[in-house]
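In: Any chance you can model this:
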Amino acid sequence: MHPRYSRLHEIHRLRVRLERDGFPRFQMALLVTITGIAGFIASYLLLRVGLSEMWVRYLVAFGIAYSVFLLLLWLWLRTRAEDYTDLPDMSEIGPSPGPSSGSGGGFNGHGGDFGGGGASGSFHAPVDSLTDGATEVGGPVGEALGAAGQAEELAIPLVLLVLVGVLLLSSLFVIYSAPVLFAELLVDGVLAASLYRRLRGLETRHWLETAVRRTFWPFLLTAIFTAGAGWAMALYVPGAHSVGDVLSYARKGS
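Out: Numbering: from 1, shown residues only. This next block holds a predicted model:
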């Protein structure tokens, strides 16, 4: 049996079983929700202890949240592994079981208004000139000033909406790929201690390597974007230490 094919075969078999019996995406949604809560709590506590720079605090909070996520994956592996393996006791190495009935082959891989205020100007001119030429003066100039003020007011809501969209897309990606991630964790974290000893030559990996390889980039890209948004908001609202400060400033200026 080819080593690469054997690993893919086991991953495919467990993925099918997970999707049939285990609601893996729902379970991953719970893990992602807990991870998000951990990140928010970490950011709040870091602010309380004096880390007021938003972009730095967000990066640190994401690092803490990712550590919590890996811990949750380890707990899932410890508590649910025996439900999805054909071996009654993973700690014992018994006779090799018969061939699996699962189908072989490859598998598919898979988170205010800003009161800049519209500008208004006045100039000294004869009353007749103001009266007769109001339409001409207020046309293009007024539209340009109004557009500038409206763009300023929409800046913060737009940044926040994009930030929420990025967080949702990142979370949905991890949730969607949950069946394959969980199957790989089972192969590398459980079967590596038993099945691989009977099927010689199979590629082995540590479960943590598998977890990081599957989830690191979504977390990293989201963390970088969130830190960038925090830097932009602090630059736009000097002295702001949180999104709440930015929204409060926006409400006062609207």
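
In: Any idea how many residues pack against Arg7?
Out: Per other C-beta atoms under 10 Å, the neighbour tally for Arg7 reads 20. C-beta here means a position set from N, CA and C on the backbone, and glycine is covered the same way.

In: Could you tell me what pLDDT the model assigned to it?
Out: For Arg7, the model assigns a pLDDT of 76.

In: my read: Val237 touches Ser248, true?
Out: No - in this structure, Val237 is not within contact of Ser248 by C-beta atoms under 8 Å, at 9.3 Å.

In: These two: which is more packed in?
Out: Neighbour comparison, Val237 and Ser248: the larger count goes to Val237, with 19 against 14 (by other C-beta under 10 Å).

In: Ramachandran coordinates for that one?
Out: Per-residue torsions, Val237: phi -120, psi 90 (degrees, to the nearest 10).

In: Only the C-alpha atoms, please, for stretch 159-176, written as PDB.
Out: Presented in PDB, the C-alpha positions along stretch 159-176 are these (Å, rounded to 0.1, in the frame of the first residue of the first chain):
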ATOM      1  CA  VAL A 159     -13.800  50.300   8.100                       C
ATOM      2  CA  LEU A 160     -15.800  48.600  10.800                       C
ATOM      3  CA  LEU A 161     -18.000  46.800   8.200                       C
ATOM      4  CA  VAL A 162     -15.000  45.600   6.300                       C
ATOM      5  CA  LEU A 163     -13.400  44.400   9.600                       C
ATOM      6  CA  VAL A 164     -16.500  42.400  10.500                       C
ATOM      7  CA  GLY A 165     -16.700  41.000   7.000                       C
ATOM      8  CA  VAL A 166     -13.000  39.800   7.200                       C
ATOM      9  CA  LEU A 167     -13.700  38.200  10.600                       C
ATOM     10  CA  LEU A 168     -16.800  36.400   9.300                       C
ATOM     11  CA  LEU A 169     -15.000  35.100   6.200                       C
ATOM     12  CA  SER A 170     -12.100  33.800   8.200                       C
ATOM     13  CA  SER A 171     -14.400  32.100  10.600                       C
ATOM     14  CA  LEU A 172     -16.500  30.600   7.800                       C
ATOM     15  CA  PHE A 173     -13.400  29.200   6.100                       C
ATOM     16  CA  VAL A 174     -12.300  27.400   9.300                       C
ATOM     17  CA  ILE A 175     -15.800  26.100   9.900                       C
ATOM     18  CA  TYR A 176     -16.300  24.900   6.300                       C
END
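
In: which parts of it are buried?
Out: Under the neighbour-count criterion of 16 or more other C-beta atoms under 10 Å, stretch 159-176 has 159-160, 163, 166-167, 170-171, 174-175 buried.

In: Could you list the low-confidence segments of the stretch 1-150 of the chain?
Out: Applying pLDDT under 70 to the stretch 1-150 of the chain picks out residues 1-5, 81-150.
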